[in-house]
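Trainee: this one's structure only:
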């Protein structure tokens, strides 16, 4: 999962976690920010969070009332930045073709 390109869901999870959030906040944020074009269900969010935590891309920073709050690590920021660079490359490539 840590190779570029990431799936939309995994990219958006990392992108949202630039601000510490818990699972429900992440899902809600993605739905709102993508104008309901992308929705992520609980199975996807928690499987991805578990993978990212196990592989050092995110850290658990608090746990209250069964809400676990996560934040990006330096490795997570690096992975996110690689994906953004890739998406920028794709955008630039398609814009050149449209001209």
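Mentor: Noted; the coordinates are in hand. Small disclaimer: the values here were computed from a predicted structure and weren't measured.

Trainee: the longest helix in the chain is where?
Mentor: helix 74-98 (DSSP state H).

Trainee: That helix packs against which elements?
Mentor: Helices and strands touching helix 74-98, as assessed by 3 or more Cβ pairs under 8 Å, 6 or more residues apart in numbering; DSSP states H and E, comprise helix 8-16. Placement of C-beta: from N, CA and C, glycine included.

Trainee: The helix it packs on: how far from the chain's middle?
Mentor: 2 Å (Cα atoms, centre = their mean, to the nearest Å).

Trainee: What residues sit buried inside it?
Mentor: 9-16 (16 or more other Cβ atoms under 10 Å).

Trainee: ditto for stretch 59-76
Mentor: 69-70, 72-73, 76.

Trainee: Look up phi and psi at residue 72.
Mentor: Torsion angles at residue 72 (phi, psi; degrees, to the nearest 10) stand at phi -70, psi 140.

Trainee: Quick check: closest non-adjacent residue to residue 31.
Mentor: Nearest non-adjacent residue to residue 31, counting by Cβ to Cβ, 6 or more residues apart in numbering: residue 39, 5.1 Å away.

Trainee: what about that neighbour, neighbour count?
Mentor: 12 (other Cβ atoms under 10 Å).

Trainee: got it, and residue 5?
Mentor: By other Cβ under 10 Å, 12 other residues sit near residue 5.
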